[in-house]
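quick one, fold the following:
(chains A and B, ligands or ions: 2)
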2 protein chains.
Amino acid sequence: MAAPEIEKLVTLLARLPGLGPRSARRAALTLLRRREALMLPLADALAKAAAEVKSCTICGNLDARDPCGVCADERRDPAQLCVVEQVADLWAMERAGAFRGRYHVLGGTLSALDGIGPDELGIPKLAARVAEGGVTEVVMALPATVDGQTTAHYIADRLAEAAPEANITRLAHGMPVGGALDYMDDGTIQAALKARRPV
Amino acid sequence: MAAPEIEKLVTLLARLPGLGPRSARRAALTLLRRREALMLPLADALAKAAAEVKSCTICGNLDARDPCGVCADERRDPAQLCVVEQVADLWAMERAGAFRGRYHVLGGTLSALDGIGPDELGIPKLAARVAEGGVTEVVMALPATVDGQTTAHYIADRLAEAAPEANITRLAHGMPVGGALDYMDDGTIQAALKARRPV
Ligand SMILES: [Zn+2]
Ligand SMILES: [Zn+2]
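Ligands and ions are numbered 1, 2, ... in the order given. All right, here's what the predicted structure looks like:
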């Protein structure tokens, strides 16, 4: 109906989470009204991030550097490792500012239905990383869902074998059951981290 | 907190209507997960649309061609002209598929507060276009807001002077009062167009 250049743009925008067809059309018109201030900078930022940003080979975080800024930061406590499901959860932990160790991003949770097993989540790699020594506490910051807690228990069992000297803790309840870490406010995350307890 | 390449992307995405900071972060992660299928095509579509799409010098529609596809379409009825506030409203009319004439996009409504007068909306140009002859009906499809209806009446007065032979109609009530055209379903638009009446 509109020009193919506009239709294409609307179709792609509508695939972003949070934007339906109508808001994608509105976004396209906003972009076309603000070409120099918004549209071209966004095109540039997308191309640049696509080219520069990579997964950290140590922890799975996204950064322009590999190892990522968190892994490379010498002021981080090497004795503490926090296991999160997604990069968004790592960002949420960092925003809360209550954790000064390093991370391991699983990229998902165990799910027999979806065929996601320990290998898909890099759990053997995590076990090897902890077994190398120096890590005295592994904080499980996985979602308070059935899959999340199943995954946390599976990892705790694996680590108990691979690195029996490391304490395995989890974020205290205080997270709403079924809630995702990325949707919690900083105070809840801080309180849950402070009251963490052994698995 | 994240890499500057990611922060920049999140900041720009958060400026789109419908995306707040949290959904912008989620959108950025979705894009980074789907670089070939979504991120690079979106960067490309943005750059291409920014370069190719322009305002039609006749009607104000957005298209890669000038005159736009609607103005250039010989099968359109040259006797009917529909006045809309925004390009999104033109798209909504076209989706409803009930109008076969051409358009005039004002780009806003009269607003003394915002300093938007007849010249800013191209109303003299519209009057000249209708006065050229050949237009027998001007359908006012402006929002059912105070500003929209004030603008419709102002335009009707101007056209009554400039082109007394043209009938001025407006979309029938049936639009929810205070509602924007772009938010209405096709059936409402079709019914409102069918029951249009003289201003
Ligand atoms: Zn890392
Ligand atoms: Zn046109």
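
when you work out contacts or count neighbours from here on, use the C-alpha atoms and nothing else.
Noted.

helices along chain A, start to end?
A:4-13, A:21-33, A:40-52, A:69-72, A:87-96, A:123-131, A:146-162, A:186-194 (DSSP state H).

which elements pack onto the longest one?
Other helices and strands packing on helix A:146-162, by 3 or more C-alpha pairs under 8 Å, 6 or more residues apart in numbering or on different chains; DSSP states H and E, are helix A:123-131.

would the helix it packs on count as contacting ligand 1?
No. Judged by C-alpha under 5 Å from the ion, helix A:123-131 stays clear of ligand 1, getting no closer than 12.3 Å.

check what pLDDT the residue nearest in space to the middle of chain A gets.
Note on chain A: the residue nearest the mean C-alpha position is residue A:87, at 1.9 Å, using C-alpha atoms, centre = their mean. Residue A:87 is assigned a predicted lDDT (pLDDT) of 94.

what's near enough to touch residue A:92?
Residue A:92 sits next to A:181-182, A:186 when contact means C-alpha atoms under 8 Å, 6 or more residues apart in numbering or on different chains.

right, and ligand 2 sits closest to which residue of chain A?
Using C-alpha to the ion, residue A:2 is the residue of chain A that sits closest to ligand 2, at 11.3 Å.

quick check: closest non-adjacent residue to that residue.
With C-alpha to C-alpha, 6 or more residues apart in numbering or on different chains as the criterion, residue A:2 has its nearest non-adjacent residue at 6.9 Å, and that residue is residue B:63.

what is the burial count for that neighbour?
Neighbours of residue B:63 under the rule other C-alpha atoms under 10 Å in any protein chain shown: 21.

let me see the mean pLDDT of stretch A:113-133.
Stretch A:113-133 comes out at a mean pLDDT of 93.

ok, back up a step: how about the residue nearest to the centre of chain A, what does it touch?
Contacts of residue A:87 by C-alpha under 8 Å, 6+ apart are A:60-62, A:105, A:107, B:29.

so which of those is the closest to residue A:140?
When the contacts of residue A:87 are compared for distance to residue A:140 (C-alpha to C-alpha), residue A:105 wins out at 10.7 Å.

count the residues that sit near the closest one.
The burial count for residue A:105: 26, using other C-alpha under 10 Å.

surely it and residue A:57 touch.
No. The criterion here is C-alpha atoms under 8 Å, and residue A:105 misses it with residue A:57 at 10.5 Å.

circling back: reformat the helices of chain A as a markdown table; add distance to residue B:37.
Output for the helices of chain A, formatted as a markdown table (distance: least, C-alpha to C-alpha, whole Å):
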| stretch | distance to residue B:37 |
| --- | --- |
| helix A:4-13 | 10 |
| helix A:21-33 | 18 |
| helix A:40-52 | 11 |
| helix A:69-72 | 27 |
| helix A:87-96 | 20 |
| helix A:123-131 | 28 |
| helix A:146-162 | 28 |
| helix A:186-194 | 34 |
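
how confident is the prediction for the nearest residue to residue A:38 once chain neighbours are set aside, by pLDDT?
Once flanking residues are discounted, residue A:38 sits nearest to residue A:31: 6.2 Å by C-alpha to C-alpha, 6+ apart. On pLDDT, residue A:31 comes in at 97.
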